[in-house]
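**Student:** Turn this into a model:
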Amino acid sequence: QVQLVESGGGLVQAGGSLRLSCAASGRSFSSYAMGWFRQAPGKEREFVAVITTRGASTNYADSVKGRFSIFRDNTKNTVYLQMNSLKPEDTAVYYCAAGGYFTITPSRYNYWGQGTQVTVSS
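**Tutor:** Next up is the predicted model:
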């Protein structure tokens, strides 16, 4: 079992930055690929970024490429999402997830956090 807790969300103006954190408890954090997803009101949950177990590879949604960065610290059991040049359309609840595959598909992830709200004002 893995428990995930996100933090770092909040209200920011367009063009600003936020860093989200996802702290994991339980065993074998370093054996999981970690993903970030988001869900805006009235929309389906969508992929944002994913990182492999040791951080060697990453993948990003086209909408965030060049602005967001995912990285992890396995010594702290934490994965991060650095978000720069934020836009109003980035407003959503952001979730981290842990799974056994380096994938953009939400259903392939086994564990999910409760989410953290990010609101970008114009």
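
**Student:** just the strands in the chain please.
**Tutor:** For the chain, the strands defined by DSSP state E occupy 2-7, 10-13, 18-26, 33-39, 46-51, 58-60, 68-73, 78-83, 92-99, 109-112, 116-121.

**Student:** Need those strands in a markdown table (columns: mean neighbour count).
**Tutor:** Where C-beta positions appear, they are placed from N, C-alpha and C, glycine not excepted. Output for the strands of the chain, formatted as a markdown table (neighbours: other Cβ atoms under 10 Å):
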| stretch | mean neighbour count |
| --- | --- |
| strand 2-7 | 17 |
| strand 10-13 | 13 |
| strand 18-26 | 18 |
| strand 33-39 | 24 |
| strand 46-51 | 22 |
| strand 58-60 | 17 |
| strand 68-73 | 18 |
| strand 78-83 | 23 |
| strand 92-99 | 23 |
| strand 109-112 | 17 |
| strand 116-121 | 17 |
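
**Student:** In CSV: those strands, plus mean pLDDT.
**Tutor:** Shown next, in CSV, are the strands of the chain (pLDDT from 0 to 100):
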stretch, mean pLDDT
strand 2-7, 96
strand 10-13, 98
strand 18-26, 95
strand 33-39, 98
strand 46-51, 98
strand 58-60, 98
strand 68-73, 98
strand 78-83, 98
strand 92-99, 98
strand 109-112, 96
strand 116-121, 98
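
**Student:** Please name the nearest non-neighbouring residue to Ser57.
**Tutor:** Among residues not flanking Ser57 along the chain, Phe102 sits closest, at 6.6 Å (Cβ to Cβ, 6 or more residues apart in numbering).

**Student:** This completes my enquiry, with thanks.
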